[in-house]
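Colleague: Please work out how this folds:
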Amino acid sequence: MDGSEIPLYQSLAGELAGLIDAGSLAPQQRLPSVRRLAAQRGVSITTAVATLRLLEEQGLIEARPKSGYYVAARRAPPPEPAAVELPRRARLVGMPAMLRRLADAGLSGSVARLGQAIPDPALFPEHALRAGLRDAAIRDQAVLGTYPLRMSGSPALRAEIARHYGAAGAALDPDELIVTNGCMEALTLAVQVAVRPGETIAVESPTYFGFLQIAEHLGVKVIEIPAHPGEGLSIAALRDLLASRAGREVRACALTPNFSNPTGALMPEAGKRELVRLCRETDIALIEDDVYGDLCFGEARPPPCKAFDRDGRVLLCSSFSKTLAPGARIGFVAAGRYRETLRAAKQRLSGPTALLQQQMLATYLARGRYPRHLRRLQRQLAVQVEQVSQAVQRHFPAGTRLSRPRGGFVLWVELPGEIDTLALHETANGFGADYVPGVLFSVSERYRNCLRLNCGYPFTVRTEGAIRRLGELFGRA
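Modeller: From the prediction side, this is the model:
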């Protein structure tokens, strides 16, 4: 992580916010004076003042006349979002043009980046990656003039991916790995080889809208399964569905067990084991999106469902777009029993993935820098999620409910009453605030009073202002 690209006062404020969140700095505890903080941290008085003012604006500390700064009292966390009634029939998907408007909003420099789930470029090791790119180009000077022929991708990168997942408890065979153009292509290929048009996939609800886009594109029906905002998909509800008449057409389950998008839920390890066992008993595929798996806030990286797969029915999909190099657009799928059909589908869809970016990532991973980078990234994202959560509690209407992510960088918000976040989205964009309306995370148009917030960028005065204006907008609705 190249911390030099983040203003020093913001970096220091993020570190102190992390100490407050972890309880190392307790409520009502006095903070060091400006001069002492500057001396302790080796920064200027100006930087120390800016740090404390930012923390005060974020509501994490408070100034007391002639006494100094103190850690502010913490509010009790709001309730998690409530369960909703879901239809028990599968249906074809029709995604609105809203997704195109969301992408366009992300291009505007005047809108706070609270919509698309993308992290701040400054969080990634750009200099080290650039050096790896240069080394790869020098080592193989014909790489740009040679058509990539390996449909599965770089052997060096696949070996590094397998080694990384081995440390997470999942024994992957490098030969089952196929490198793709980002995680969306990996998921598209996984659905394509596991499910035929007209058949059904089961998804957690709310679900990542990418699954819904893929289903629409492939002519696959979707049925929603209730999910807890903290622990993810209900295994009991899935079991009941698969035992019913409606469950006969289900050929795959598609979900994000590790820090789901949009809720940040983490499925317990016992639930993952049971899910894999249930898929084996009913002979359906499990399409696992693990793109946020490396972004845990705890000590240990949770294993993927693939770790409990014994017959190759789990298609593990992920990428480096959220954790290391978004611009490289390098994803992958561990295809298990589907490797040959998926490799053929990849050839038909897009052909081999560009090699230079793969070699860049393989070089970076081989040098052993990734674990240290991840630890820093995890700490920073945990702080940012907590800061956005606290700001929502300060500014959104009474009765607002929040998810409590244990990883990733998105926050799921449920507003009270009949507030329609889709109807209000354009108004919010008009005053410089963005979000993703909740209706996009459901095929049955649930969650109209919900929204997802991106916490991938450092919390600033601008972020606070955008959340305050959103709160005012929702309060008037």
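
Colleague: quick one: the strands in the protein?
Modeller: With strands called from DSSP state E, the chain shows them at 61-64, 68-71, 177-181, 200-205, 221-228, 232-233, 250-255, 285-289, 314-319, 330-334, 401-402, 410-414, 436-437, 450-454.

Colleague: would you turn those into CSV with mean neighbour count?
Modeller: The C-beta positions use only the backbone N, C-alpha and C, and glycine is treated the same way. As requested, the strands of the chain are exported to CSV (neighbours: other C-beta atoms under 10 Å):
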stretch, mean neighbour count
strand 61-64, 15
strand 68-71, 18
strand 177-181, 25
strand 200-205, 26
strand 221-228, 22
strand 232-233, 25
strand 250-255, 24
strand 285-289, 27
strand 314-319, 29
strand 330-334, 28
strand 401-402, 21
strand 410-414, 25
strand 436-437, 26
strand 450-454, 28
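
Colleague: Please name the residues that touch the nearest residue to residue 399 once chain neighbours are set aside.
Modeller: In space, and not counting its chain neighbours, residue 399 is closest to residue 416: 3.3 Å by C-beta to C-beta, 6 or more residues apart in numbering. Residue 416 sits next to 397-400, 449 when contact means C-beta atoms under 8 Å, 6 or more residues apart in numbering.

Colleague: among the strands of the chain, which is nearest residue 381?
Modeller: Closest to residue 381 of these is strand 410-414 (C-beta to C-beta; 10.1 Å).

Colleague: what is the mean pLDDT for the closest one?
Modeller: In this model, strand 410-414 carries a mean pLDDT of 97.

Colleague: Can you show me the CA trace of it as PDB?
Modeller: Extracted in PDB, the C-alpha atoms of strand 410-414 (Å, rounded to 0.1, in the frame of the first residue of the first chain):
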ATOM      1  CA  VAL A 410     -20.000  -2.200   1.700                       C
ATOM      2  CA  LEU A 411     -22.700  -1.200   4.100                       C
ATOM      3  CA  TRP A 412     -26.400  -2.200   3.800                       C
ATOM      4  CA  VAL A 413     -28.900   0.300   5.200                       C
ATOM      5  CA  GLU A 414     -32.600  -0.100   5.800                       C
END
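
Colleague: Numbering from 19 from now on, please.
Modeller: In the new count, where the first residue is 19, that last one comes out as strand 428-432.

Colleague: partners of that strand in the sheet?
Modeller: strand 419-420 (antiparallel), strand 468-472 (antiparallel) (DSSP bridges).

Colleague: Turn the ones you listed into CSV, including distance to residue 198 and mean pLDDT.
Modeller: Shown next, in CSV, are the strands paired with strand 428-432 (distance: least, C-beta to C-beta, whole Å; pLDDT from 0 to 100):
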stretch, distance to residue 198, mean pLDDT
strand 419-420, 33, 96
strand 468-472, 23, 97
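
Colleague: could those go into JSON lines alongside distance to residue 447?
Modeller: Below are the strands paired with strand 428-432 laid out as JSON lines (distance: least, C-beta to C-beta, whole Å):
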{"stretch": "strand 419-420", "distance to residue 447": "22"}
{"stretch": "strand 468-472", "distance to residue 447": "13"}
